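> Got a sequence here, can you build the structure:
(3 chains)
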Amino acid sequence: MAVTASPERDIVATPVQRATREALYAGAIVLGLFVLFIGLKTDQNISNELILVQRWWLLFAVVVLTMVGRFVYIAHGQPFLAKQKIADIATGLLPDTVATRFFRLPYFIAAIAIVAVLALLAGSLDALLGPGLAGYARFARALAIIYALASVLFYFRSFIHAHFSALGIAALATYPVIVVLVLALYSGSMAGGFQGSLKWIDNFGIQILIYVMLAWGLNIVVGLAGLLDLGYVAFYAVGAYAYALLGTQYGLSFWILLPAAGAMAAFWGVMLGFPVLRLRGDYLAIVTLAFGEIIRLVIINWREVTNGSAGISGIPKVSFFGLMSFNVSDPNYIAKVLDIAQSGAYYKIFLYYLILGLCLLTAFVTIRLRRMPVGRAWEALREDEIACRSLGINTTTTKLTAFATGAMFGGFAGSFFAARQGFVSPESFIFLESAIILAIVVLGGMGSLVGIAVAAMVMIGGTEALRELDFLKQVFGPDFTPELYRMLLFGMAMVIVMVWKPRGFVGSREPTAFLKERRAVSGSFTKEGHG
Amino acid sequence: MSDASPSMNEAILQVEHLSMKFGGLVAIGDLSFQARRGEITALIGPNGAGKTTVFNCITGFYKPSEGMLTLNRRDGSSYLLERLPNHEIPARAKVARTFQNIRLFSGMTLLENLLVAQHNKLMKASGYTVLGLFGFSGYRTASAESIDLARHWLEKANLVDRADDPAGDLPYGAQRRLEIARAMCTGPELLCLDEPAAGLNPKESMALNELLMDIKDNTGTSILLIEHDMAVVMQISDHVVVLEYGRKISDGSPQAVRTDPRVIAAYLGVEDEEVETVLTEVGDEDVIEQLDTGPDSAHGPGTSSSYLAGPVTDTVGHSEGERVTVSRGASKAGQVDARSSAAAKPASPTKAKPKAKPAGAKSSAAKPTTKAATKSKTPGVTNRRGGRK
Amino acid sequence: MQYFVQQLINGLTLGSIYGLIAIGYTMVYGIIGMINFAHGDIFMIGAFTALIVFLILGALFYSVPVVIALLVMMIVAMLLTSLYNWTIEKVAYRPLRGSFRLAPLITAIGMSIALSNFVQVTQGPRNKPIPPMVSKVYNIEGISVSLKQIIIVVVTALLLALFWYLVNRTSLGRAQRACEQDRKMAALLGIDVDRTISITFVMGAALAAVAGTLFLMYYGVIAFSDGFTPGVKAFTAAVLGGIGSLPGAVLGGLMIGFIESMWSAYFSIDYKDVAAFSILAIVLIFLPSGILGRPEVEKV
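Numbering: from 1, shown residues only, chains lettered A, B, ... in the order given. All right, here's what the predicted structure looks like:
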């Protein structure tokens, strides 16, 4: 029985022995991986030649940290998790035990106290503690705020769970108001509130909502119809350039061009859809990817029309339905009409509500379509194309409508993007964008609008938040730029979340019709399509 | 398209000179039969006889190499099925089918499965989505009606309690019934069932029989079924067509078929010499020839791209259970195998159901000296290149 | 005619590099049915490793013969790049094997983003130029063939021969082909599937590392973002040839190489990638499984 040798060894080995072994393995692997990349750095010297800079201490630190981490995980983390699992099963308090231990009233009160004290001292922190410690204090305050908010959410979790969509929409609708009011209180003046809100509304609000809309649009193609589209950004580009070109050349208004851009993107969706309908799975994926790249390359190279890599600037702003304008020079500038102080924030707030409206439109149409024959046919197509054909469903037109509908929302989002930026260039429509949108759809849970919105918030909001982590400069020195690590962490987060939840945040599927009661369908039954 | 002589309309489906070739392999050779309106017609035959291929031709998944498939609808119109696109066969000619390896929308609830089946009707009612999107009342009533129809069929299939469960969650027998209910929701005139009783226990089999008889008696839908379970076939079918090697070897009432010597030969096997005789009697020389030539390498999975290697499998995989086996050794070896079992048991065509494929592989390996095995191209999946070393 | 032959040679060189990368895509696809999107970045890691080894050699020795330098670069790059791919498979793909089909695709994209940004963070975002290693150019009847090109084609041919032998004549290759056909059955017959898959990733990475070294030698420059374009081209090549088929990958790589060099020579250099992608789309419309791909049998 030579085969049983290795399991026996595992049983005999104590956790510490095993952990030591695993830590050594991990250390060796990490050393191998990073010896050239972290241990050495290629750099240019004054005469522009490449030289190597040695960083052995950094390499040493990384290796040691990995080994310690691995050791702690094997020796303590794994047994703890296993024990926790047994405890959960034994006590019947299944998933809550860790969380209930983490969120406790005394901790909550402590967090509130920390926030209160630090908020009171906000002005004099630097003087009291010096800039270095003040950075840590601000970080502690941020953590305390997050903990307190999380506690509140945890306390009301069943209520939130039951009314998630309504609460979410209410929160999104009041978000700019809350931001402006909080910042106004903080800075002591309304104008200050508006000025400070720019970043929060633009970088977090609008940015996330654009991705929510794109992901919801792609969800129709990938999540519902099960067609893997790696070139979705092409439709985004079509929408953006449609608005940029027609808006700058002919001076047409956003409100005419929005539907036009959507129609144009839908047209391109059909144009792409036609030839590739016969393709399956990964062949479809590569052709859509190729299509996305073709569109981008044409935009770069067709300089007479698109101005190439330089892009198009001076794209007109959106007007308030033609009634008020957001250009300071116009006679009907919003501040003049309403007789209020000038601020760039009005436009951002308007854009926020505009993209929120577009998102809700997308969600509404998606929900509506899912309950109609065409939406059901999409999902059926994802589940089994051959069965669809045996039931008389024209799979060609069904796929085309999915492509066109998804593309249309991409086009809407594109024209909004052009209006918001005032500038478009091919840089914004690289494959990475398609990949991010697809990642959001899959991470959120294919087909689930709520899951996708949460995924967009976590992934886009999380990477945006990295821009704000200035305190890290206190830790790692002034040369440290957290922004550089943004995409590295984004990529790693994609891997970690996917391994943790392969079906995405919301793995279950909401049925579109029911006889007695609506019960979510577990993700293990749904298929992902092979198209 | 319409020739409405009453005698013609007796037959809901006329298969005339149907041939289906996969490269050099003749899966069906010059097959003609009729399925009469309001009857249950059974299509039986040993594994690999080409039954599923006939189904795939009728329902448009394969385009037949030759032949004519005429479907006469109740309203007098007739359709040439081989000319209709795949999805129009259920939509216009009203032919519905089920699959041997069940194809449900497993992530959708039972109710949704049945609603998808009513797609075309609902599409029209929703004004091709546009009107429905804006909530016109026409769609709402149509939607309510479709749910009623779905409920009706769920009740018939005895599944109404599980209407809101995912289809993938059902036990096997219930999945089979659901697939039939789904096919019925398309409002078919001809229902094609591919081995509906496969894998069912006797109780489920009984329930299935009742469902089929109910469909036949109450909806006027004609049924064409492939079945290995002779209990089901003999009990419910009005007419039986027997295939072997893609040829019809018998056709008639269940009673007539079960006593037909050719059917017994096909099912139970006879001496090797006799097989040739029997096949020759039936007029199958060219089939024998065709089978000896082996598969066309330009077709089917013969052109495997398994790395740099050559062909890997010698079977045309067109469904998981059923394979058109290229080597005649398989079938004959099956007969050899069946012969020994036939010696133990008195011959009774209703009971003996030799599984040719696994038996063939086994006996050709076990008895390398028999004529059958030496002639055979090793059946099943063998990586020839890999084994050459 | 001379011009044409010249372009043919350029195309062959380019196509060799694409072919080497494409094999990695196609092997992984064949064995576990996933698109390893990170493979382009594995190629970039290979090229970067070669660059660093080149600099180390330059720093340690006064002069090293080119052949030895290239050989050392290639071997170190193959080893380290294989370690990368091996680790990635273990960390990001293995836990998801047998789950949802799109999950490993997303982790692969995540890994691709992480790898290129890892190199950006650790090595800086700028282009890294090296002095030309091989500069000899032969002139044969007006056609100039550089030694670099000859090295690339010869190394590629040697590797392909070795690789063909590995896959077709060794038990390892047989295990790989068995896993490709039916992983469960292979496991039942005593093949260590995990090990076989790991080896597949290692082999793919080794070839990509060679491609990276040759790329560095040929163009003399590498940057953290250079994995994407060759990666997508090689993926295109793999699909064009029929994904899952090794000769297809090489054929597809050569085709993409020829299309690019011919298009830049006779039409417009700006649109060479558009041409490559368009031809891919057109080929797939007529041959939905690529040129040498296994035709998809529609199972009913």
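> Residue of the stretch 51-200 of chain A nearest chain C, please.
residue A:52 (5.1 Å; C-beta to the nearest C-beta). Just so you know, the C-beta spots here come from the backbone N, C-alpha and C atoms, and that holds for glycine as well.
> How about the residues of the stretch 401-531 of chain A by chain C?
Applying C-beta under 8 Å from any C-beta of the partner chain, we find that the stretch 401-531 of chain A lies next to chain C at A:431-432, A:435, A:438-439, A:442-443, A:446, A:484-485, A:487-488, A:490-495, A:498-499, A:502-503, A:528, A:530.
> and the residue of the stretch 51-200 of chain A closest to chain C, that's in a strand?
Yes - assessed by DSSP: H, G, I helix; E, B strand; the rest coil, residue A:52 belongs to a strand.
> Tell me how many other residues crowd it.
Using other C-beta atoms under 10 Å in any protein chain shown, residue A:52 has 16 neighbouring residues.
> Which residues of chain A lie near chain B?
Selection of chain A residues close to chain B by C-beta under 8 Å from any C-beta yields A:365, A:368-369, A:372-374, A:376-377, A:379-380, A:382-384, A:386-395, A:401, A:509, A:511-519, A:521-522, A:524-527.
> And chain C, is the host helix or strand of residue A:261 touching that?
Using DSSP states H and E, residue A:261 sits in helix A:254-276. Yes - using C-beta under 8 Å from any C-beta, helix A:254-276 reaches chain C at A:275, A:276.
> those strands in the stretch 401-531 of chain A, which residues are they?
Assigned by DSSP state E, counting those that start in this stretch, the strands in the stretch 401-531 of chain A fall at A:423-424.
> pull the longest helix from chain A.
Longest helix of chain A, by residue count under DSSP state H: helix A:125-155.
> helices and strands around that helix, which ones?
Here helix A:125-155 touches helix A:105-120, helix A:472-476, going by 3 or more C-beta pairs under 8 Å, 6 or more residues apart in numbering or on different chains; DSSP states H and E.
> Those helices: lowest mean pLDDT?
Here the lowest mean pLDDT among the helices and strands packed on helix A:125-155 goes to helix A:472-476, at a mean of 65.
> In the stretch 201-300 of chain C, which residue sits nearest chain B?
Residue of the stretch 201-300 of chain C nearest chain B, by C-beta to the nearest C-beta: residue C:245 (3.6 Å).
> What's the local residue count around that residue?
Neighbourhood size, residue C:245 [other C-beta under 10 Å]: 27.
> picking that back up, CSV for the helices and strands packed on helix A:125-155, including mean neighbour count?
CSV is the format used below for those (neighbours: other C-beta atoms under 10 Å in any protein chain shown):
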stretch, mean neighbour count
helix A:105-120, 14
helix A:472-476, 14
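> Let me see the backbone angles for the one residue in the stretch 151-300 of chain A that gets nearest to chain B.
In the stretch 151-300 of chain A, the residue that lies nearest chain B is residue A:226 (10.3 Å; C-beta to the nearest C-beta). Residue A:226 has phi and psi values of phi 70, psi 30 when expressed as degrees, to the nearest 10.
> That one and residue A:383: what is the separation?
Distance, residue A:226 to residue A:383, using C-beta to C-beta, to the nearest Å: 8 Å.
> Could you pull out the strands in the stretch 201-300 of chain C for me?
Using DSSP E, counting those that start in this stretch, strands in the stretch 201-300 of chain C cover C:221-222.
> What's the separation between the closest residue to residue B:175 other than its chain neighbours and chain C?
Leaving out its chain neighbours, the residue that sits closest to residue B:175 by C-beta to C-beta, 6 or more residues apart in numbering or on different chains is residue B:102, at 5.0 Å. Using C-beta to the nearest C-beta, to the nearest Å, residue B:102 is found at 12 Å from chain C.
> Report the contact partners of residue B:154.
The neighbourhood of residue B:154, defined by C-beta atoms under 8 Å, 6 or more residues apart in numbering or on different chains, consists of A:515, B:110, B:111, B:114, B:160, B:163, B:181.
> on that earlier part again, need the helices and strands packed on helix A:125-155 in TSV with distance to residue C:171, can you?
Formatted as TSV, those follow (distance: least, C-beta to C-beta, whole Å):
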stretch	distance to residue C:171
helix A:105-120	60
helix A:472-476	51
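> Quick check: which of those helices is nearest to residue C:113?
helix A:472-476 (20.7 Å; C-beta to C-beta).
> where does chain C dip in pLDDT?
C:295-300 (pLDDT under 70).
> Quick check: residues of it near chain B?
For chain C, the residues in contact with chain B (C-beta under 8 Å from any C-beta) are C:30, C:164, C:167-169, C:173-174, C:176-178, C:180-181, C:242, C:244-248, C:292-295, C:297-300.
> Any chance of a PyMOL selection covering the buried ones in the residues you listed?
Only the buried entries of these go into this PyMOL selection, using 16 or more other C-beta atoms under 10 Å in any protein chain shown:
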select buried, chain C and resi 30+164+167+168+173+174+176+177+178+180+181+242+244+245+246+247+248+292+293+294+295+300
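> Show me the residues of chain C next to chain B that map onto helices.
C:30, C:164, C:167-169, C:173-174, C:176-178, C:180-181, C:246-248.
> and the residue nearest to residue A:318 when sequence neighbours are not counted, what does it touch?
Leaving aside its chain neighbours, residue A:318 sits nearest to residue A:254 (4.3 Å; criterion: C-beta to C-beta, 6+ apart). Residue A:254 makes contacts with A:243, A:247, A:316, A:318, A:319, A:415, A:419, as judged by C-beta under 8 Å, 6+ apart.
> about what we covered before: pretty sure the residue of the stretch 201-300 of chain C closest to chain B contacts residue C:289?
No - here residue C:245 does not reach residue C:289: they are 9.2 Å apart, not a contact under C-beta atoms under 8 Å.
> Skipping adjacent residues, who's closest to residue A:350 in space?
residue A:320 (6.4 Å).
> Just want to check the distance between that neighbour and residue A:416.
15 Å.
> Could you do residue A:481 as well?
Using C-beta to C-beta, residue A:481 is found at 30 Å from residue A:416.
> How about residue C:145?
Computed as C-beta to C-beta, the residue C:145 to residue A:416 distance reads 53 Å.
> could you say what helices and strands the helix or strand where residue A:290 lies packs with?
Using DSSP H and E, residue A:290 sits within helix A:281-301. On a contact count with 3+ C-beta pairs under 8 Å, 6+ apart, helix A:281-301 meets helix A:233-250, helix A:254-276, helix A:303-306, helix A:431-444, helix C:228-241, helix C:272-286.
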